[in-house]
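Asker: When you get a sec, could you give me coordinates for this:
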Amino acid sequence: AARLGIGEGELCVRTVYEFLADGRPVQLSTSWEPYDLTGGTLVVLPEGGPHAGAGVVNRMAQIGVTISHAVEQPEPRQATAEEASLLGIQKASLVTHIRRTYYSDQGQPVETADIVVPASLCEIVYEVPINRH
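Answerer: Predicted coordinates for the structure are as follows:
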């Protein structure tokens, strides 16, 4: 609730993802969107309806919300028992946990996600564009 700037107990749409490579789980993601923002629209379900799988930026554009930026906070930690089981890794293996939040051009958080990637399966690289004025 705090990451979305909504009150505790307010409705959200929660979507759980398991990403595969060669049929093997390589990433987990759980996302939340405020129901007040998408409820009653064609984009209420990220993986359902005519805009299924279109991504946060494109889905929000369909309801007149412009995404201006996202903030990602990566941190290393040990996998929980559930994450280890889902990812097929040993409990307490190192993972990178990324907290990502998309913001509208009005500064409102519109989606937040917890992403978990086994450290042994990937290298996380960021490219930061430089805007010269």
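
Asker: Where does pLDDT dip in the protein?
Answerer: Low-confidence segments of the chain (pLDDT under 70): none present.

Asker: mind listing the strands for it?
Answerer: Applying DSSP state E to the chain gives strands spanning 12-21, 24-34, 67-78, 94-104, 109-118.

Asker: distance of the residue most central in space within the chain from residue 23?
Answerer: Nearest to the mean C-alpha position of the chain, by C-alpha atoms, centre = their mean, lies residue 113 at 3.0 Å. Applying C-beta to C-beta, to the nearest Å, the value for residue 113 to residue 23 is 23 Å. In this view, the C-beta of every residue, glycine as well, is placed from N, C-alpha and C.

Asker: just residue 124 next, same as before
Answerer: Distance, residue 124 to residue 23, by C-beta to C-beta: 23 Å.

Asker: likewise residue 89?
Answerer: Taking C-beta to C-beta, one finds residue 89 at 16 Å from residue 23.

Asker: that older thread, excluding its backbone neighbours, what's nearest the residue nearest to the centre of the chain?
Answerer: residue 31 (3.9 Å; C-beta to C-beta, 6 or more residues apart in numbering).
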